[in-house]
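Enquirer: sequence first, then the predicted structure:
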Amino acid sequence: LNLNPRDVPSPLVGKPAPAFSLPQLHAPEQIFSPKEMLGKVWLLNVWSTWCVSCRQEHPVLVELSRSKTVPLIGLNYKELRGDGNIDMDKVEPASEKGLAMERAAGWLKK
């Protein structure tokens, strides 16, 4: 968090998050949308259990989430609960509100 995000070129830095509305992982009846975070600084982390770099950064993001420095939203990519690939309940959560993040926004369909 102490690095300049512009050191890594990206057309997404400083841009609003794309519109989406997805159920939370451990509370599917609750829907998350970036509209909830409008006007706030927050981090959207797109991750997957099969992503090696995601697993490497996981302990750092867990600590960041616990520190409450910045709201951290986790968006799981290309995995569906119950597809047999992994027991998502065994992935270490950062808090009670989500899967490895402060709040997990939901699942994207394959």
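Expert: Here it is on my side, so go on. Numbers count the residues shown, from 1 in each chain.
Enquirer: quickly list what Gly74 is bridged to.
Expert: Note on Gly74: beta-bridge partners Asn45, Ala104, judged by DSSP bridges.
Enquirer: that one contacts Ser48, doesn't it?
Expert: No: in this structure, Gly74 is not within contact of Ser48 by Cβ atoms under 8 Å, at 10.3 Å. The way it works is simple: take the backbone N, C-alpha and C, and place the C-beta from them, glycine included.
Enquirer: give me the number of residues near Leu72?
Expert: Using other Cβ atoms under 10 Å, the number of residues around Leu72 comes to 24.
Enquirer: which of Gly74 and Ser48 has more neighbours?
Expert: Between Gly74 and Ser48, Gly74 has the larger neighbour count (other Cβ under 10 Å), namely 26 against 15.
Enquirer: buried residues in stretch 47-57?
Expert: For stretch 47-57, the buried set under the neighbour-count rule, 16 or more other Cβ atoms under 10 Å, comprises Trp47, Thr49, Cys54.
Enquirer: start and end of that stretch, how far apart?
Expert: 10 Å (Cα to Cα, to the nearest Å).
Enquirer: pLDDT of that stretch, averaged?
Expert: For stretch 47-57, the mean per-residue pLDDT is 81.
Enquirer: what's the answer for stretch 75-83, then?
Expert: 66.
Enquirer: try stretch 20-27
Expert: Stretch 20-27 carries an average pLDDT of 75.
Enquirer: I'd like the C-alpha coordinates of that stretch written as PDB, please.
Expert: Output of stretch 20-27 as PDB, limited to C-alpha atoms (Å, rounded to 0.1, in the frame of the first residue of the first chain):
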ATOM      1  CA  PHE A  20     -21.800  -5.600 -11.200                       C
ATOM      2  CA  SER A  21     -24.200  -7.000  -8.600                       C
ATOM      3  CA  LEU A  22     -23.300 -10.400  -7.100                       C
ATOM      4  CA  PRO A  23     -24.300 -12.500  -4.000                       C
ATOM      5  CA  GLN A  24     -21.800 -12.600  -1.100                       C
ATOM      6  CA  LEU A  25     -20.200 -16.000  -0.700                       C
ATOM      7  CA  HIS A  26     -21.200 -16.900   2.800                       C
ATOM      8  CA  ALA A  27     -24.500 -14.900   2.700                       C
END
